[in-house]
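> Sequence first, then the predicted structure, then my questions.
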Amino acid sequence: MTSILEEFAYGNISPEVRVFKKDSKYGRTVELIASLEQKLLDRLGADDKDLFKKFLDAQGEADQLIAVKNLSYGYKLGLIMTAEAFIGMDDLYTGGEEL
């Protein structure tokens, strides 16, 4: 069996790929977003549809950037918490006992 780090390195697992149930709160929210998007697109002309598509693309890019930042921050926070559990808060920030 390979390690989770190896699976991650080979691209076999990804933090952004998630499975969810359609009847979950998240699933219902995604369904509502899709429904509202379709209703908006049905009301827009060609130029407005293009503008809306650009808006969605920019919003998607912003969401991806914040997701990467949140993953990095969460991972670092978890490492700090783990370090504290092993060496204690005082040693973590001061480097050990005072002389």
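Arrived safely, thanks for sending.
> any idea which element the residue nearest in space to the middle of the chain lies in?
Using C-alpha atoms, centre = their mean, the residue of the chain that lies closest to the mean C-alpha position is Ala67, 3.3 Å off. Per DSSP states H and E, Ala67 falls inside helix 46-87.
> Which residue ranges make up the domains of the chain?
Following the assignment in automatic domain parsing, the chain carries domains at 1-43, 46-99.
> would CSV of those domains with mean pLDDT be doable?
As requested, the domains of the chain are exported to CSV (pLDDT from 0 to 100):
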stretch, mean pLDDT
domain 1-43, 87
domain 46-99, 84
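> And the nearest residue to Phe52 once chain neighbours are set aside, how far from Ala58?
Leaving aside its sequence neighbours, Phe52 sits nearest to Leu44 (C-beta to C-beta, 6 or more residues apart in numbering; 6.1 Å). (Glycine included, C-beta is placed from N, CA and C.) Distance of Leu44 to Ala58, computed by C-beta to C-beta, to the nearest Å: 17 Å.
> Just want to know which of the two has more residues nearby.
Per other C-beta atoms under 10 Å, whichever of Leu44 and Ala58 has more neighbours is Leu44, with 14 against 10.
> how near is that one to Lys53?
10 Å.
> Can you give the distance of stretch 10-17 from its chain's centre?
Distance of stretch 10-17 from the chain centroid (C-alpha atoms, centre = their mean, to the nearest Å) equals 12 Å.
> And for stretch 14-32?
With C-alpha atoms, centre = their mean as the basis, the mean position of stretch 14-32 lies at 13 Å from the chain mean.
> contact partners of it?
The contact list for stretch 14-32, computed with C-beta atoms under 8 Å, 6 or more residues apart in numbering, reads Phe8, Gln64, Ala67, Leu71.
> Among these, list the two that are farthest apart in space.
Spatially, the most separated pair among the contacts of stretch 14-32 is Phe8 and Gln64, at 17.7 Å (C-beta to C-beta).
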